[in-house]
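Enquirer: The following block contains a protein sequence and its predicted model.
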Amino acid sequence: MENWLKSGSCVKRKQESTNECEVNRTFTSKDVIMSQTSSNVQKVEKISRKYCSEYLQYGFTFIGTDEEPLPQCVICFETLANESMKPSKLQRHITTKHPVCSNKPLIYFQKKKTELFSTRSNMENVLLGQGNKNITTASYQLSLLIAKNGAPHTAGENLILPGVKKISSLLLDEKAVQQIGKISLSNTTVKRRIKEMSINVKESLISALKESDFYSLQLDERTDIADNTNLLCFVRFTFNGAIEEEILFCHSQKTSATGQDIFDSLNSFIHENGINRSKCVGLTTDGARAMSGKYTGLVAKVKEVAPLVERTHCSIHREALAVKGMNPDLKSTLEDAVKIVNLIK
């Protein structure tokens with residue numbers, strides 16, 4: 001009895017193991033079929049249909065490239081997908097949306113095609129023509145003039161443009177007045193133009209600075225009439241064999257003006273614009289503790305990342321301190337000398 005039970009249990013286990021193997025083989029074969037099917041699906045490439053000149057009889061021309069043209073109706077100007085480049089689908093469009101034109105001869109669609117191409121050409125001339133380019137250039141030039149004079153952005157729309165129109169109506173013909181009226185000088189346009197020009201100037205300056213072998217920085221901290229602390233940074237570098245000097249940035253200090261805060265503002269600008277710190281060989285500041293501190297000042301922080309830098313005390317700042325108690329006659333003479341030097345510079 002015990003042997004029978006043992007042998008019976010052994011047979012059952014063997015059948016179960018056999019069934020498990022069959023299931024595993026089944027799943028394995030299914031996986032192979034699925035993988036082969038997916039690989040075949042991946043190999044299917046998208047077929048791009050080509051345009052045929054006979055499709056004009058259905059009222060369709062094409063736009064886009066010759067490799068992937070898109071059918072365009074010459075009546076309603078609707079553009080269809082490349083998959084619709086079939087006579088049956090093109091004919092269905094003309095019969096459902098333009099049933100009156102479905103029986104028109106080929107010459108009718110050729111005329112519509114000519115009108116469509118003429119409209120395209122006129123639009124390109126308006127958008128990309130020389131006249132539009134001059135109008136856009138004038139908008140930038142007037143926006144630059146507004147920015148240089150510190151005038152409000154509304155001055156272009158409320159003052160400059162009406163004044164130029166009146167002068168043109170008196171001295172020029174009506175066509176010139178119409179062209180001047182196309183110049184965009186709205187408040188938002190002038191703001192956008194000024195921002196785009198400032199970004200372009202910044203990018204050009206940084207690009208020239210990256211090409212320079214060495215550069216030096218001059219930093220000064222000032223408080224404006226609104227009692228806001230501003231950090232100004234000037235840069236001097238070599239460009240095309242000459243020494244150039246430009247303002248690099250002006251940042252408003254939202255926190256206290258410590259040496260670490262000033263360094264963080266300078267370091268973030270240099271890091272964001274990809275400027276090489278090791279090329280900095282000069283740093284000019286005043287004698288404030290936040291600038292010239294030996295351990296926590298700006299100079300000490302800059303020397304940690306730019307070992308070649310040499311610190312120089314601002315000579316103009318020294319002179320400004322020295323002339324505070326100077327005789328008024330001598331002070332006026334010094335002020336005249338400073339004006340002469342600035343003019344020559």
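Expert: Thanks, I have it. Numbering: from 1, shown residues only.

Enquirer: can you pull the buried residues of stretch 165-174?
Expert: By 16 or more other CB atoms under 10 Å, the buried positions in stretch 165-174 come out as 165, 168. From N, CA and C alone the C-beta is placed, and that goes for glycine too.

Enquirer: My error: substitute stretch 281-300 in the last question.
Expert: Under the neighbour-count criterion of 16+ other CB under 10 Å, stretch 281-300 has 282, 283, 284, 285, 286, 288, 290, 291, 292, 297, 298, 299 buried.

Enquirer: tell me the contacts of residue 63?
Expert: Counting by CB atoms under 8 Å, 6 or more residues apart in numbering, residue 63 makes contact with 69, 70, 72, 79.

Enquirer: Just give the number of residues close to the nearest residue to the last one once chain neighbours are set aside.
Expert: Going back to what we said before, that points to residue 79. With sequence-adjacent residues excluded and distances taken as CB to CB, 6 or more residues apart in numbering, residue 79 is closest to residue 72, at 4.8 Å. Per other CB atoms under 10 Å, the neighbour tally for residue 72 reads 19.

Enquirer: for residue 301, what are its contacts?
Expert: Applying CB under 8 Å, 6+ apart, we find residue 301 in contact with 259, 260, 263, 267.

Enquirer: before we move on, the earlier item: of the buried residues of stretch 281-300, which belong to helices?
Expert: Per DSSP state H, helices hold the following members of the buried residues of stretch 281-300: 290, 291, 292, 298, 299.

Enquirer: Residue ranges in this protein under the pLDDT threshold?
Expert: 1-46, 121-131, 255-256, 317 (pLDDT under 70).

Enquirer: Please enumerate the helices of it.
Expert: Assigned by DSSP H, the chain shows helices spanning 2-43, 87-97, 106-128, 130-148, 155, 161-171, 174-181, 187-211, 259-272, 289-292, 298-305, 315-322, 328-344.

Enquirer: From the contact counts, what lies against the second one?
Expert: The one in question is helix 87-97. Using 3 or more CB pairs under 8 Å, 6 or more residues apart in numbering; DSSP states H and E as the contact criterion, the elements in contact with helix 87-97 are strand 69-73.

Enquirer: Just the angle for the strand it packs on relative to helix 87-97, thanks.
Expert: 30 degrees (axes from the mean of the first three to the mean of the last three CA atoms, to 10 degrees).

Enquirer: which helices and strands sit right next to strand 69-73?
Expert: Counting contacts by 3+ CB pairs under 8 Å, 6+ apart, strand 69-73 is packed against strand 60-64, helix 87-97.

Enquirer: that older thread, arrange the helices of the chain in CSV, one row each, with distance to residue 242 as further columns.
Expert: Output for the helices of the chain, formatted as CSV (distance: least, CB to CB, whole Å):
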stretch, distance to residue 242
helix 2-43, 60
helix 87-97, 65
helix 106-128, 38
helix 130-148, 24
helix 155, 36
helix 161-171, 38
helix 174-181, 40
helix 187-211, 11
helix 259-272, 23
helix 289-292, 29
helix 298-305, 26
helix 315-322, 22
helix 328-344, 16
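
Enquirer: Which one of those lies nearest to residue 233?
Expert: helix 259-272 (6.5 Å; CB to CB).
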